[in-house]
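>>> Any chance you can model this:
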Amino acid sequence: MPSFDFDALRRFPDVEAPDLVAVDATDRLLLDEAATALAEAGPGEVAVIGDHYGAIALGAVALHGARAVRVHQDALSGELALARNAQVAGLDGEVRSLPLDVALTRGARVVLAQLPRSLDALDEIAGLVARTAEPDVVLLAGGRVKHMTRGMNDVLARYFEDVSATLGRQKSRALVARSPRADAAGRSWPVRAHDDALDLEIRSFGAAFAGARVDVGTRFLLESLPRMAPEARVALDLGSGTGVIATVLARSRPGLRVIASDQSASAVDSTRATAEANGVAERIEVVRDDAASALADGSVDLVVLNPPFHIGNAVHGGIAEKLFVAAGRVLVPGGELWTVWNSGLRYRDTLERHVGPTEQIARNATFTVTVSRRR
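Reported below is the predicted structural model:
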């Protein structure tokens, strides 16, 4: 078997730390379970979805001879890491990043996927594969056993006649789906909902955080909206999710320029759809960006942030810190970062270090809202 150095893969520009890895047991299991199918697939007949940093796509090429592999990663940091890892391995000509649409899966006979955390995200993936891949496609979706649920089998069974599971290995397992159902009625994306308390239309694609609802942290943060930098001319919704904060800002302050940024492709599409549904699409600039890297230093008066506290399935403070650093960089001197966080995470010292003096504005049984002013 050809050699491939998994240990050479890096997570960069995603958070890197000794307890965070660029390749896991699920990546390796998927490649082993799909070995025969990969070897038999022709050029362009392999698609990979949710590859964290490129281990699956690059392993399929280097170890099993796959060619012209199409890849979709929701996170931009993963997409950038794949590009870098492919170049280092000399395989950049064999992988191509694409959106989660028909161009990714049309004509595919082998689809390898890391199981997403949400059933909505899995539903969107499974429906796309069943509708657009070849009739003899095999979908192998793997994950850590402790994060897998019976609901995942049920989602796949809505779209495929044959769903089974592999044996577990190193606490990972793969679900195998074959024979797409001709009569499967796929869901319509984005999902639509109305929030009565905010009088807000919400639109959500499968992988967007919180789906078509307002999560409790965001709702608590929005209670402080009237106090947020009332003289601001430019505001950034950093990690926009479904665009709730950006849309409420644009609707409530007609003179404010609003930028909505997220590294998630699903979130960016959801933000655009939510803004359009509420009639403010022309006033919100939506960008897919990793930690506001495309924005100039000192270009924003107000940053509003509900930071994630998961990296993949791991609870880790590194992603929030990365966003705090970004907020501190793009804010003008005296500009404000308003953020909400689980009180147990104790982010105040980190905010003071990366942004500036931080004041607690509100606190309930679960969350703390703070404002940090750029030094």
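
>>> where in the stretch 201-350 of the chain is pLDDT low?
For the stretch 201-350 of the chain, the stretches flagged by pLDDT under 70 are 309-317.

>>> Pull the contacting residues for Ala75.
By Cβ atoms under 8 Å, 6 or more residues apart in numbering, the contact set of Ala75 is 14, 263-264. C-betas here are computed from N, CA, C, even on glycine.

>>> wait, Asp74
50, 100, 116, 121, 207, 264-266.

>>> Next: Gly107.
Taking Cβ under 8 Å, 6+ apart as the test, what Gly107 contacts is 44-45, 133-134.

>>> I'd like those residues laid out as a markdown table, including neighbour count.
Formatted as a markdown table, the contacts of Gly107 follow (neighbours: other Cβ atoms under 10 Å):
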| residue | neighbour count |
| --- | --- |
| Gly44 | 16 |
| Glu45 | 22 |
| Ala133 | 23 |
| Glu134 | 15 |
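
>>> Could you pull out the helices in the stretch 1-150 of the chain for me?
25-33, 35-40, 55-64, 76-89, 102-105, 119-132, 150-159 (DSSP state H, counting those that start in this stretch).

>>> quick one: which of the ones you listed is nearest Leu305?
Judged by Cβ to Cβ, the one of the helices of the stretch 1-150 of the chain that comes nearest to Leu305 is helix 76-89, at 16.8 Å.

>>> Output the closest one in CSV with nothing but the alpha carbons.
Extracted in CSV, the C-alpha atoms of helix 76-89 (Å, rounded to 0.1, in the frame of the first residue of the first chain):
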residue,chain,number,x,y,z
LEU,A,76,-13.6,27.9,5.8
SER,A,77,-10.7,27.1,8.2
GLY,A,78,-11.0,23.4,7.2
GLU,A,79,-11.1,24.4,3.5
LEU,A,80,-8.0,26.5,3.9
ALA,A,81,-6.3,23.7,5.8
LEU,A,82,-7.1,21.2,3.1
ALA,A,83,-5.6,23.5,0.5
ARG,A,84,-2.4,23.9,2.5
ASN,A,85,-2.1,20.2,3.4
ALA,A,86,-2.7,19.2,-0.3
GLN,A,87,0.0,21.5,-1.5
VAL,A,88,2.5,20.2,1.1
ALA,A,89,1.7,16.6,0.1
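
>>> Show me which residues of it are buried.
Across helix 76-89, burial judged by 16 or more other Cβ atoms under 10 Å covers 76-82, 84-86, 89.

>>> orientation of it relative to helix 55-64 in degrees?
20 degrees (axes from the mean of the first three to the mean of the last three Cα atoms, to 10 degrees).

>>> Show me what the mean pLDDT comes to for helix 76-89.
Across helix 76-89, the average pLDDT comes to 96.

>>> How far away from the center of its chain is that helix?
Centroid separation for helix 76-89 versus its chain: 16 Å, with Cα atoms, centre = their mean, to the nearest Å.

>>> Same check on stretch 14-22?
17 Å.

>>> Likewise for stretch 189-204?
That offset, for stretch 189-204, works out to 20 Å (Cα atoms, centre = their mean).

>>> For that stretch, buried residues please.
189-191, 198, 200-204.

>>> Can you show me the CA trace of stretch 159-167 as PDB?
The C-alpha trace of stretch 159-167 is given here as PDB (Å, rounded to 0.1, in the frame of the first residue of the first chain):
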ATOM      1  CA  TYR A 159     -33.300   8.600   1.600                       C
ATOM      2  CA  PHE A 160     -31.800   5.100   1.200                       C
ATOM      3  CA  GLU A 161     -33.200   1.600   1.000                       C
ATOM      4  CA  ASP A 162     -30.200  -0.100   2.700                       C
ATOM      5  CA  VAL A 163     -28.700   1.400   5.800                       C
ATOM      6  CA  SER A 164     -26.200  -0.600   7.900                       C
ATOM      7  CA  ALA A 165     -23.400   0.000  10.400                       C
ATOM      8  CA  THR A 166     -19.800  -1.200  10.400                       C
ATOM      9  CA  LEU A 167     -18.100  -2.700  13.400                       C
END
